[in-house]
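1. I'd like to go over a predicted model; first the sequence, then the structure.
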Amino acid sequence: MKLTRRDLFRAAGAVGGAAALGGLAAEAVAGVAGRGRTTLTVTLHKGPAGEGGYRPVVRADGEPHVVRTDLGARALRGRGARRKPLLAFAQLSDVHIVDAQSPMRVEYVDRYDDKDQPGDPSTGLFGAAYRPHEVLTAHIAEAMVREINRIGAGPVTGKPLAFAIQTGDNSDNSQYNELRWNIDTLDGGEVRADSGDLTRYEGVMDGDPTYYDTHYWHPDGTPAGKADDQPRSKYGFPEVPGLLDAARRPFQAAGLGIPWYTALGNHDPLSQGNFPSTMQLNTVAVGPLKMISPPTGVSQADVLDALRGNYADFVAAFAATPYVRQVTPDPDRRLLHRGEIVEEHFTTTGTPVGHGFTETNRADGTAYYTFDRGLVRFVVLDTVNPNGEANGSLDQTQFAWLQGQLQASAGRLVVIASHHTASTMDNPLVGTGGDSEPRVLGDEVVAELLLHDNVIAWVNGHTHTNNVWAHQREGGGGFWEINTASHIDWPQQSRLIEVADNRDGTLSIFATMVDHGGPLSGSLDGPMGLAGLARELAANDWQERELNRRGTRKDRNVELLVKAPAFLR
């Protein structure tokens, strides 16, 4: 059955009830009205399942903040009247702007994570190698930028947003063009998320019958003589003719109306977020051959071996088969190293120039730095392991630098920002030469942070899921780890974070989820309509349907109490 757009969105206006808080023993805190809408007033959920389990996105009641006192600080009455706002800022994480036509995409291994896929078991490396909405990632970012601009201030304190920070995986595949689309979207100006032949789409989702593969969604429909693809025949995906052309059209990005900073994630300097860039990988990225389907007899292990070795020869070996298609080469798809990524942030119309990266970073090829906003110092880490794999860690030099920065931050509140969480900083891989020393893992970083009573929060991403964890110091106190979902996967959210001095020996950190401004009923009309469609497609990604990336009520809108450091008491 083919669904029309009217069928698809018929239920989009349905309103669901607010979920009960169950056993949460916490005081709810009402937010003040802001200029924009946050999840304090309206939340978005998956609606009733239709054919193939396909669900619309529907509105539901907002969620008030839940007070958390896990660190032992008491939530004293009257603190709202005493409260002094200190800072409000926005966190954007895992934006993953994708060049969906790149030859270095390996969409063909995504099927190994399909639950009903026989044969080669998944390694877990490529479960997100293909998403049905990945042609729309720049539009999602644009819709989030516009929503952050519209909100403009912290919903609790009313303090204007001072800045935004990206916590890594800003691009998807370490490519120059993806990085530029990310920077230009946040800066403002014309963005054209297209590559190769700018007159047509060349990838896995078009209707070319020679390379048609039923594992991918083909929004323009089924070529003559071919079977309907699995997303439409099995999972209820619609036909949306013209989507691929609409996604490639230039749009005028609004640009963030506030300064923005950035941190690196594993997808920024590592190809596929796992592999150090090599000449062989770069040859494929800028070249004319794109593998569409896994060749008969080739296992996922074979693909991994090729990516770690000579991937260019691996792809070229199948050049005369239907598994590989000719595409238009594009030098803007070149893979970047850490120093090149840092340098590119100095080509900007936004502020600050460099977006946190410093002249020291440019000179020595590092990507960690600090900046201050009022009473708060931000220490931005580079948790990417350059030796490969998705999870992170620190080198010894950066850890020593972190210790020095913490020692030098007396008299300030400290917030750590990074891509990886403490628990995903478990990557011990070392290289050779200067990078042969043991890596510093997350538990050692947590232990160091707990030595300093002015460290109040660690803001990060990577998991694509909303989480908030308490790290308690022996004897009381500690800091909060605030982990925020991604732009690319459902629920496509960011966070607003506010810090306030309750003037009673405690601080409150308010974390509020934000849905991007794309409409429920997506369309092909400009970046906002496309972003709305992208959110619905993400909600129906067949590998994501059983996941709860929204987190629990205690991971979304929260007031996090922490004991004020000695200098504030």
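-> It's in.

2. For residue 290, which three-state class applies?
-> Taken by DSSP: H, G, I helix; E, B strand; the rest coil, the conformation at residue 290 corresponds to strand.

3. Quick check: the gap between it and residue 203.
-> When distance is defined by Cβ to Cβ, to the nearest Å, residue 290 is 7 Å away from residue 203. Quick note: C-beta positions are derived from backbone N, CA and C, even for glycine.

4. overlap in contacts of those two?
-> The contact sets of residue 290 and residue 203 overlap at 101, 105, 327 (Cβ atoms under 8 Å, 6 or more residues apart in numbering).

5. For those residues, pick the one with the most neighbours.
-> Counting neighbours by other Cβ atoms under 10 Å, residue 101 leads the shared contacts of residue 290 and residue 203 with 26 neighbours.

6. Can you tell me the SS state at residue 468?
-> Residue 468 ends up strand, using three-state DSSP.

7. now the residue nearest to it when sequence neighbours are not counted: how far from residue 470?
-> Leaving aside its sequence neighbours, residue 468 sits nearest to residue 555 (Cβ to Cβ, 6 or more residues apart in numbering; 5.0 Å). Plainly put, residue 555 is 12 Å away from residue 470 if you go by Cβ to Cβ.

8. between the two, which one's more packed in?
-> Each of residue 555 and residue 470 had its neighbours counted (other Cβ under 10 Å), and the higher figure belongs to residue 555 (22 against 15).

9. residue contacts, that one?
-> Taking Cβ under 8 Å, 6+ apart as the criterion, residue 555 is in contact with 465-468, 483.

10. List the backbone torsions phi and psi for it.
-> Note on residue 555: backbone dihedrals following degrees, to the nearest 10 are phi -110, psi 0.

11. Tell me the confidence at it?
-> Residue 555 carries a pLDDT value of 98.

12. Likewise for residue 4?
-> On the pLDDT scale, residue 4 is placed at 39.

13. these two touch, right, residue 423 and residue 442?
-> Yes. Using Cβ atoms under 8 Å, residue 423 is in contact with residue 442, at 6.0 Å.

14. Looking at the two now, which is surrounded by more residues?
-> Using other Cβ under 10 Å, the more surrounded residue of residue 423 and residue 442 is residue 442, with 23 against 17.

15. Tell me how far that one lies from residue 364.
-> Residue 442 is 24 Å from residue 364, where distance means Cβ to Cβ.

16. Also residue 62?
-> 47 Å.

17. Looking at the two, which is more packed in?
-> The neighbour comparison of residue 62 against residue 364 (other Cβ under 10 Å) goes to residue 62, with 15 against 12.

18. contacting residues around that one?
-> 18, 38-43.

19. Using the three-state scheme, assign the residue of the chain positioned farthest from its centre.
-> The outermost residue of the chain relative to its centre, with distances by Cα atoms, centre = their mean, is residue 225 at 38.8 Å. Here residue 225 is coil, with the state taken from three-state DSSP.

20. Could you tell me what pLDDT the model assigned to it?
-> pLDDT, residue 225: 94.

21. didn't it look like it was pressed against residue 209?
-> Yes. With contact defined as Cβ under 8 Å, residue 225 and residue 209 form a contacting pair (7.0 Å).

22. Quick one: the helices in the protein, in order.
-> With DSSP state H as the criterion, the chain has helices at 5-9, 79-82, 137-151, 176-187, 230-233, 243-248, 279-285, 300-308, 311-316, 338-344, 359-364, 396-407, 442-449, 526-539.

23. I'd like these laid out as TSV, including distance to residue 266.
-> Formatted as TSV, the helices of the chain follow (distance: least, Cβ to Cβ, whole Å):
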stretch	distance to residue 266
helix 5-9	35
helix 79-82	39
helix 137-151	17
helix 176-187	14
helix 230-233	28
helix 243-248	25
helix 279-285	15
helix 300-308	15
helix 311-316	18
helix 338-344	12
helix 359-364	18
helix 396-407	15
helix 442-449	14
helix 526-539	20
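
24. Between the ones you listed, which one is closest to residue 560.
-> Across the helices of the chain, residue 560 has its closest neighbour in helix 79-82 (13.0 Å, Cβ to Cβ).

25. Neighbours of residue 559, how many?
-> Going by other Cβ under 10 Å, the residues that sit close to residue 559 add up to 25.

26. let me redo that: residue 207
-> Quick note: residue 207 (other Cβ under 10 Å) scores 16 neighbours.

27. just checking, it touches residue 223?
-> Yes. Using Cβ under 8 Å, residue 207 is in contact with residue 223, at 4.9 Å.

28. List the contacts of residue 463.
-> Residues in contact with residue 463, defined by Cβ under 8 Å, 6+ apart, are 421, 424, 483, 485.

29. Going by distance to residue 241, which of those wins?
-> Within the contacts of residue 463, proximity to residue 241 (Cβ to Cβ) peaks at residue 485, which comes in at 30.9 Å.

30. Determine the number of other residues adjacent to that closest one.
-> Using other Cβ under 10 Å, the number of residues around residue 485 comes to 26.
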